[in-house]
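> Pasting the sequence and the predicted coordinates here, then a few questions.
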Amino acid sequence: MKYMRFLAIILAILAVLIISMPVSANTTTSNYTVNGVEIFAGIDYHGDNYGATFVAQATGTDNNGILRASINYRGTDPHTPSNDIFGGNWTLTVTKNGKALGTIIGVVNNGGSVSWGNTNTDIGHVQIGLTIIGGTDTFKRIKGYGSFDGYDDHINGPKIGNLTVPIVYSTGPGGSGSGLSLTY
């Protein structure tokens with residue numbers, strides 16, 4: 001009888017230990033091809049640009065979505081060798097089979113850049129680090145990081161009168177960037 005009681009106590013302790021063990025965190029990496037337009041050129045303030053805003057379709061292997069990014073950068077136009085990025089914010093509303101799964105919310109890290117090259121092509125190679133700070137619905141309480149590697153094109157966008165609307169994309173006329181990648 002003492003043996004059975006001892007065995008029951010040991011099994012109860014083991015059960016409590018197993019239940020209380022931390023679960024190893026699984027990470028998810030999602031990659032998207034991005035194609036969109038600039039909807040707001042931003043505001044020039046003392047030679048820097050605040051709030052250049054882009055909206056783009058994001059096409060992934062498992063999910064799709066709509067990416068919105070608002071970027072701050074040094075300098076005010078593509079007529080420089082490069083523009084240093086110093087912040088901003090972004091959201092990605094993720095969809096699957098036409099239904100919204102939720103929105104991932106993040107900030108743009110300092111240290112990214114748009115490299116226009118020495119020949120002033122008006123097509124800039126964009127490299128941006130991203131931080132995921134949260135989300136809605138399926139993406140509540142997530143944290144993580146990501147990157148965007150693509151192009152800001154001021155030549156090949158749609159025309160409205162005499163104005164060319166800048167486009168943003170991960171692959172195409174400007175080269176072959178890796179697109180949007182998020183790990184959470």
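Nice, thanks for sending it over.
> next one: stretch 122-141 to chain centre, how far?
Stretch 122-141 has its C-alpha centroid displaced from the chain centroid by 2 Å (C-alpha atoms, centre = their mean, to the nearest Å).
> Give the rounded mean pLDDT of that stretch.
The average pLDDT for stretch 122-141 rounds to 95.
> cool, and stretch 94-105?
pLDDT averaged over stretch 94-105 equals 96, rounded to a whole number.
> ok, now stretch 33-42?
For stretch 33-42, the mean confidence score works out to 96.
> just checking, what packs against the helix or strand where Val107 lies?
Using DSSP states H and E, the secondary-structure element containing Val107 is strand 99-108. The contact analysis (3 or more C-beta pairs under 8 Å, 6 or more residues apart in numbering; DSSP states H and E) places strand 99-108 against strand 64-74, strand 82-96, strand 123-135. Every C-beta, even on glycine, is put in place using the N, C-alpha and C of the backbone.
> can you state the direction angle for the shortest one and strand 123-135?
In terms of direction (axes from the mean of the first three to the mean of the last three C-alpha atoms, to 10 degrees), strand 64-74 departs from strand 123-135 by 110 degrees.
> Isn't Ile148 up against Tyr169?
Small correction: residue 148 is Phe, not Ile. No: look at Phe148 against Tyr169 with C-beta atoms under 8 Å: they stay out of range, at 10.7 Å.
> Neighbour count: these two, which is higher?
When neighbours are counted by other C-beta atoms under 10 Å, Phe148 comes out ahead of the other of Phe148 and Tyr169, with 27 against 24.
> Just list the residues touching that one, thanks.
With contact taken as C-beta atoms under 8 Å, 6 or more residues apart in numbering, Phe148 is in contact with 34, 69, 126-128, 130, 170, 177, 179-181.
> Just name the closest of the residues you listed to Thr59, please.
The shortest gap between Thr59 and any of the contacts of Phe148 belongs to Val34, at 7.9 Å (C-beta to C-beta).
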